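Trainee: Task: produce atomic coordinates for the following.
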Amino acid sequence: MAAAASGSVEQVEKMAPDGFVNVHPDAQHLVNSLRDWDIASVDLRLTNEFPEYAQVQALKETGTTGINYTISWQSGRWTLGIGTPENSPTGGAKPGIAGVKPT
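Mentor: Here you go, the predicted structure:
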């Protein structure tokens, strides 16, 4: 969240899993979606499928709008589910609606 809220697409891109390609569009989308958010007041909600992965919903302080994304534990670090793995299409970060579980 801090990397995206900072406005640094490059920092967000570095959080993608190793071997993922074309991460820039998803990273840019996440940064754009968090523009003007007060990071100190973000409400983070995570599913509990640890340690393999977790669905994350980040809500603005008003609780009416949010961002959904996936994180996973890979190679000893948390990675952000953005971009496209070389052999199967995905895309992880997208705008969401409060109370709706990320897909």
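Trainee: Just the mean pLDDT for stretch 5-24, thanks.
Mentor: Stretch 5-24 shows a mean pLDDT of 88 in the predicted model.
Trainee: From the chain's centroid, how far away is that stretch?
Mentor: Once both centres are worked out by CA atoms, centre = their mean, to the nearest Å, stretch 5-24 turns out to sit 10 Å from its chain's centre.
Trainee: Check which residues of that stretch are buried.
Mentor: Within stretch 5-24, the residues scored as buried using 16 or more other CB atoms under 10 Å are 5, 9, 12-13, 15-17, 20, 23. All C-beta atoms are positioned from the backbone trio N, CA, C, and that covers glycine.
Trainee: go on, stretch 41-55?
Mentor: Neighbour counts over stretch 41-55 (16+ other CB under 10 Å) mark 42, 45, 53-55 as buried.
Trainee: Would you reformat the residues you listed as JSON lines and include pLDDT, secondary structure and distance to residue 79?
Mentor: Formatted as JSON lines, the entries for those read as follows, by pLDDT from 0 to 100; DSSP: H, G, I helix; E, B strand; the rest coil; distance: CB to CB, whole Å:
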{"residue": "42", "pLDDT": "87", "secondary structure": "coil", "distance to residue 79": "20"}
{"residue": "45", "pLDDT": "85", "secondary structure": "strand", "distance to residue 79": "19"}
{"residue": "53", "pLDDT": "78", "secondary structure": "strand", "distance to residue 79": "9"}
{"residue": "54", "pLDDT": "83", "secondary structure": "strand", "distance to residue 79": "11"}
{"residue": "55", "pLDDT": "84", "secondary structure": "strand", "distance to residue 79": "14"}
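Trainee: This completes my enquiry, with thanks.
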